[in-house]
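Asks: below is the sequence, then the predicted model.
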Amino acid sequence: MGTTQLETVPEPKYWHLKTVLSEALDSEFSVGEILPNERDLAARFGVARATLRQALEQLELEGRLQRRRGVGTTVAPPRVGVAVGTAQHAWPGGPNDAWQTLDCALEVPPAAVAEALVTGRDEPVHIVRRSRVSHGRPVAAELLYIPADSVPDLSGIDAPSGTARARAVLRELQRLELERQENAVELGSARADDARELDRLPGAPVLVVTTRFVARGRTAALSVATYRADTCRLTFGDSGGVEIHHGPERQAS
């Protein structure tokens, strides 16, 4: 790699450095590659380490870099576009669903979820746990809450929990005719469980997408999906799904 000295520019030095670094990421590094240490980078670009840290922090906020405990600073994979359109609807677990089914349990949900499902506060529901992966790294975790009366024919299934049970619950749910789904998005902070699953620190910014699936005039299922805010972006359109965008500047259709 050659040496690039920064010239005097009217914008803040770290901001110009961020642009130079971003161009270097596109041309010299691949996804997952570890960047040189701060001392070497500062020497290459002829800046103070404090200026370099500001630029690296900005690139991390923009989703170009990831700081991984025990590893260092790596090039982030392309961001996942969280589409919030409503033209197309589909039950979770369908043929074009990119989520990985992990587990299922019959448990009492949080009070807010029970209220949304219009179930009793002490009434257990099926909780399907799923994960979304991009470039081999987790980018989202989902808890899908399904009342027992949405999947009434599960009593004859032997698997009490695990992946097999989860897939059976989703197959049974798809027997219902989906009337509509409603999405709500908010910025939140990663809880301890979410942070561990998403390889982030507790309190890291996340996007929380809540989806209500309506069938027979009631809420048949409720999804609470937590996305890494540093690797995901909101897209507004009619797709109603989650798409992988293979470049940081690519716009959602």
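Replies: Looks like it came in fine. Since the model is a prediction, treat every value here as computed from it, not as a measurement.

Asks: pLDDT below threshold where in the stretch 151-253 of the chain?
Replies: In the predicted model of the stretch 151-253 of the chain, residues 155-160, 236-253 satisfy pLDDT under 70.

Asks: who are the packing partners of the helix or strand that contains H16?
Replies: Assigning secondary structure by DSSP states H and E places H16 in helix 13-28. Using 3 or more C-beta pairs under 8 Å, 6 or more residues apart in numbering; DSSP states H and E, the elements in contact with helix 13-28 are helix 38-45, helix 49-61. Backbone N, C-alpha and C define where each C-beta goes, glycine included.

Asks: would you single out the least confident of those helices?
Replies: Lowest mean pLDDT within these: helix 49-61, a mean of 88.

Asks: list the buried residues in that one.
Replies: Residues of helix 49-61 classed as buried by neighbour count (16 or more other C-beta atoms under 10 Å): T51, L52, Q54, A55, L56, Q58, L59.

Asks: can you check stretch 16-24 too?
Replies: H16, L17, K18, L21, S22, A24.

Asks: all strands of the stretch 101-250 of the chain, in order?
Replies: 125-134, 137-146, 180-189, 205-215, 218-228, 232-235, 242-244 (DSSP state E, counting those that start in this stretch).

Asks: export only the CA atoms of the fourth one, formatted as CSV.
Replies: Once side chains and other backbone atoms are set aside, the C-alpha atoms of strand 205-215 remain, and they are given as CSV (Å, rounded to 0.1, in the frame of the first residue of the first chain):
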residue,chain,number,x,y,z
PRO,A,205,-27.8,0.7,19.2
VAL,A,206,-30.3,-1.7,17.5
LEU,A,207,-33.3,-1.4,15.2
VAL,A,208,-36.4,-3.2,16.7
VAL,A,209,-39.0,-4.2,14.1
THR,A,210,-42.3,-5.4,15.5
THR,A,211,-44.6,-7.1,13.0
ARG,A,212,-48.2,-8.1,13.7
PHE,A,213,-49.6,-10.9,11.6
VAL,A,214,-53.4,-10.7,11.4
ALA,A,215,-55.7,-13.6,10.5
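
Asks: between that strand and strand 218-228, how many degrees?
Replies: 160 degrees (axes from the mean of the first three to the mean of the last three C-alpha atoms, to 10 degrees).
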